[in-house]
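Participant: Model the following, please.
(2 chains)
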Amino acid sequence: MRVFETPLYPYERSPDQDASTPARHPVVVVGAGPVGLAAAIDLARRDIPVVLLDDNDRVSHGSRAICFAKRALEIFDRLGCGDGIVDHGVTWSRGKVFFRDRRIYDFDLLAEEGHRRPAFINLQQYRLEELLVSRLRDLRSDGRPVELRGGSRVTRVEPGAGSVLLTVETRDGPYRLEAEWLVACDGAGSTVRRELGLDFAGRVFEDNFLIADVTMKADFPTERWFWFDPPFNRGQSALLHRQPEGVWRIDLQLGPGIDREEEQRPEKVVPRLRQMLGEDVEFELEWISVYTFQCARIERFRHGRVLFAGDAAHQVSPFGARGANSGLQDVDNLVWKLERVLRGRSPDSLLDSYDAERVPAADENILNSTRSTDFITPKSDASRLFRDAVLDLAETQPMARPLVNSGRLSLPHVYVDSPLHSADRSDLPARTRPGSPAVDAPIDDGWLLGRLGDRFQLLALGIDVPGEEPGLEVISLPAGQHPLLDERYLGEAPGALYLLRPDQHVAARFTGYDPDRIAAAFRRASGQETDAS
Amino acid sequence: MTRLRTEPNIPGGDGFYQELLELHQGRSKEESEALNARLILLLANHIGDREVLREAMQAAARTDR
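Facilitator: Below is the predicted model of the structure:
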């Protein structure tokens, strides 16, 4: 029996079901996919009681998300489960691009040195979910306040002024729950979104993809192969990707308006795969499914006490692996804010910054994935003309290869216009400007990101911080001893101070010590002051 | 301020023009279009300046001549 066929968190009756009035919880998270699980783990680590509800009792069926980018891996490190995830995943850097019946070029993505984590790993979503469920269980065994309730389907959501009332359907019948804050991670078909009557806005296009997982019977290179307009899938695209455990994932684009049943018949699929992989490659078909996507988002991600994250808030095409990766960044952004608000350290207006920061991030992802989709399936004659010209040139002219767009790797969004950030008056390196996630670098005993915690902190590089900074943890490192750290954080400057948020994004930076400016930047970054600069 | 050079800049303009036409000789409309697209991409890469390229696109799209 495969992992996704095994009940991992079977339904158990909760005392809440016998309560005479709805039990009240600080946070309820709906949906135990990667995004909801990450949210629950982060909350539990911060000792915020959280109930995670899922209508199912097992990890997602088959392979969905597959590629997890460096930023997501760094978030998993912060959540305490990065090693297990990276150990299970496969890393790759080489690939081939095909156009019609020709192989037009090979590539090797050379990752920048000096990062603990690779640019990305490939890992089946169900494997990731399994590892996250196990992390959640460990936290629970350590006495952290987290509960994962399987077989619990949210059917009604009634937002109120002080809480949100939920109706949860179980096999023992329905019961009600009261959530101070509701985090909706219930995916593309979000019940919470529907209950609030929210529509997706933006460009919607319907496309179908056939996904097949195959096991190769002999060695096959660990590479990403992408076909534009191949003979076995005319006018569409195809993708071959390596997964762990000797499994390769195949994505065949099918276009709109197809017969789903017909396309999934092995008699139809296997000959196509033979054409893709070569007649002499022996393989076994593990399973097949068809899915559709759209590129769209809801207008706002915060609706009072309901916060939307992941596919429930925004959807992208699969090109560029921006779905799960961006959802994980949503919760990375959200959870520390929820903690501060729940503990009364910041006003609840801090949660508006979740919207202000993650909506532009979603737009950036939608833009990138829309561009990839337009390149892969040109929608007009002119678009096809230039797409084909790029691919024709790419065979012999390196200049054309950067224009070939089969998905742009998910990079973390820089919160350039965030209300939480202080103006940058320095000429320190651009890649660590306010809004950027802290860039990793090797330091003597390990990695910078490993040294950073998940509280507000002041990273002092080559500048002496004389006293304690209220509310801030000070991390002091010398300048001139770690070349890559200096290059990424100092540039030409002899020293610098970086104010880092609990999600390890830069909130402000200075080239000299001024406690008043640091305190002002901290108040601003924690949402205690949003009007001054 | 415009950065796109719009004053004459090609030595032996007539010769260039002739070569351009010869390039398309004997090609179908589709082949010519594809060739032009490749040519635009090669030239754009050579220019490599987004502002100049944008001005060139705008100049080419003008209909009020």
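Participant: Regarding the chain, what is its longest helix?
Facilitator: Assuming you mean chain A. Secondary structure of chain A per DSSP state H: the longest helix is helix A:352-376.
Participant: hmm, I had chain B in mind actually
Facilitator: helix B:29-47.
Participant: quick one: the helix or strand just after it near chain A?
Facilitator: For helix B:29-47, the succeeding helix or strand toward the C-terminus, using DSSP states H and E, is helix B:50-61. No - against chain A, helix B:50-61 shows no contacts by Cβ under 8 Å from any Cβ of the partner chain, the least distance being 12.6 Å. Every residue, glycine included, has its C-beta placed from N, CA and C.
Participant: Contacts for helix B:50-61 next, please.
Facilitator: With contact meaning Cβ atoms under 8 Å, 6 or more residues apart in numbering or on different chains, helix B:50-61 is reached by B:Thr2, B:Arg3, B:Leu4, B:Thr6, B:Ala44, B:Ile47.
Participant: how about the closest residue to chain B within the stretch 151-300 of chain A, what does it touch?
Facilitator: In the stretch 151-300 of chain A, the residue that lies nearest chain B is A:Asp229 (13.9 Å; Cβ to the nearest Cβ). With contacts taken as Cβ under 8 Å, 6+ apart, A:Asp229 has the following neighbours: A:Phe99, A:Arg100, A:Gly235, A:Gln236, A:Ser237.
Participant: Just the buried ones from those residues?
Facilitator: A:Phe99, A:Gln236, A:Ser237 (16 or more other Cβ atoms under 10 Å in any protein chain shown).
Participant: now chain B, which segments are flagged as low pLDDT?
Facilitator: Scanning chain B for pLDDT under 70 picks out B:1-2, B:64-65.
Participant: Output the set of residues of it in proximity to chain A.
Facilitator: When proximity is defined as Cβ under 8 Å from any Cβ, chain B approaches chain A at B:Glu33, B:Ala34, B:Ala37, B:Arg38, B:Ile40, B:Leu41, B:Leu42, B:Asn45.
Participant: One more pass at 6 Å, please.
Facilitator: Contact residues, chain B versus chain A (Cβ under 6 Å from any Cβ of the partner chain): B:Glu33, B:Ala37, B:Arg38, B:Leu41, B:Asn45.
Participant: In CSV: those, plus neighbour count.
Facilitator: CSV is the format used below for the residues of chain B next to chain A (neighbours: other Cβ atoms under 10 Å in any protein chain shown):
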residue, neighbour count
B:Glu33, 17
B:Ala37, 20
B:Arg38, 19
B:Leu41, 20
B:Asn45, 16
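Participant: How about the backbone phi and psi for the residue of the stretch 151-300 of chain A closest to chain B?
Facilitator: Backbone torsions of A:Asp229, given as degrees, to the nearest 10, read phi 50, psi 50.
Participant: For the closest residue to chain A within chain B, which non-adjacent residue is closest in space?
Facilitator: Residue nearest to chain A within chain B: B:Ala37 (3.6 Å; Cβ to the nearest Cβ). Closest residue in space to B:Ala37, ignoring its immediate chain neighbours: A:Ala389 at 3.6 Å, by Cβ to Cβ, 6 or more residues apart in numbering or on different chains.
Participant: From the rest of the structure, what touches stretch A:276-290?
Facilitator: With Cβ atoms under 6 Å, 6 or more residues apart in numbering or on different chains as the test, stretch A:276-290 has contacts from A:62, A:208, A:210-217, A:232, A:260, A:264, A:269.
Participant: Would you mind measuring the gap between the ends of it?
Facilitator: Using Cα to Cα, to the nearest Å, one end of stretch A:276-290 lies 18 Å from the other.
Participant: still on that earlier bit, what lies in contact with the longest helix of chain B?
Facilitator: Residues contacting helix B:29-47 (Cβ under 6 Å, 6+ apart): A:Leu385, A:Phe386, A:Ala389, A:Leu393, A:Met399, B:His24, B:Leu53.
Participant: Return the closest of those residues with respect to A:Ser526.
Facilitator: Nearest to A:Ser526 out of the contacts of helix B:29-47 is B:Leu53 (Cβ to Cβ; 43.5 Å).
Participant: What's the separation between the most centrally placed residue in chain B and B:Ile47?
Facilitator: Nearest to the mean C-alpha position of chain B, by Cα atoms, centre = their mean, lies B:Ile40 at 6.1 Å. Separation of B:Ile40 from B:Ile47 (Cβ to Cβ, to the nearest Å): 10 Å.
Participant: Please apply the same query to A:Val247.
Facilitator: 45 Å.
Participant: and A:Ala479, what does it touch?
Facilitator: A:Ala479 makes contact with A:Leu461, A:Gly462, A:Gly495, according to Cβ under 6 Å, 6+ apart.
Participant: Excluding chain neighbours, what is closest to it?
Facilitator: A:Gly462 (2.7 Å).
Participant: for A:Trp336, same thing?
Facilitator: Closest to A:Trp336 by Cβ to Cβ, 6+ apart is A:Pro502, at 3.6 Å.
Participant: residues in contact with the residue in chain A that chain B sits nearest to?
Facilitator: Relative to chain B, the nearest point of chain A is A:Ala389 (3.6 Å; Cβ to the nearest Cβ). A:Ala389 is in contact with B:Ala37, B:Arg38, B:Leu41, counting by Cβ under 6 Å, 6+ apart.
Participant: can you redo those as CSV with distance to A:Ser353?
Facilitator: Compiled in CSV, these are given as follows (distance: Cβ to Cβ, whole Å):
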residue, distance to A:Ser353
B:Ala37, 45
B:Arg38, 47
B:Leu41, 42
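Participant: Can you classify the residue nearest the centre of chain A by secondary structure?
Facilitator: A centroid search over chain A (Cα atoms, centre = their mean) returns A:Asn325, at 1.9 Å, as the residue closest to the centre. Recorded secondary structure, A:Asn325: helix (DSSP: H, G, I helix; E, B strand; the rest coil).
Participant: Any idea how many residues pack against the closest residue to it other than its chain neighbours?
Facilitator: Among residues not flanking A:Asn325 along the chain, A:Ser410 sits closest, at 4.1 Å (Cβ to Cβ, 6+ apart). By other Cβ atoms under 10 Å in any protein chain shown, 28 other residues sit near A:Ser410.
Participant: List the residues that contact A:Ser410.
Facilitator: A:Ala69, A:Gly320, A:Ala321, A:Arg322, A:Asn325.
Participant: and chain A, which residues reach chain B?
Facilitator: Applying Cβ under 6 Å from any Cβ, we find that chain A lies next to chain B at A:Leu385, A:Phe386, A:Ala389, A:Leu393, A:Met399.
Participant: Which of the residues you listed are buried? Put it as a ChimeraX command.
Facilitator: To isolate the buried members of those in ChimeraX, using 16+ other Cβ under 10 Å:
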select /A:385,386,389,393
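Participant: Is it possible to get JSON lines of the residues of chain A next to chain B that adds pLDDT, distance to A:Gly173 and secondary structure?
Facilitator: Output for these, formatted as JSON lines (pLDDT from 0 to 100; distance: Cβ to Cβ, whole Å; DSSP: H, G, I helix; E, B strand; the rest coil):
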{"residue": "A:Leu385", "pLDDT": "97", "distance to A:Gly173": "61", "secondary structure": "helix"}
{"residue": "A:Phe386", "pLDDT": "98", "distance to A:Gly173": "59", "secondary structure": "helix"}
{"residue": "A:Ala389", "pLDDT": "98", "distance to A:Gly173": "62", "secondary structure": "helix"}
{"residue": "A:Leu393", "pLDDT": "97", "distance to A:Gly173": "64", "secondary structure": "helix"}
{"residue": "A:Met399", "pLDDT": "96", "distance to A:Gly173": "65", "secondary structure": "helix"}
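Participant: can you tell me which of the contacts of A:Ser410 are in helices?
Facilitator: Per DSSP H, these map to helices at A:Asn325.
Participant: Most neighbours of all the contacts of A:Ser410, which one?
Facilitator: Going by other Cβ under 10 Å, A:Arg322 tops these with 31 neighbours.
Participant: That one and A:Cys295, how far apart?
Facilitator: Look at A:Arg322 and A:Cys295: by Cβ to Cβ, they are 10 Å apart.
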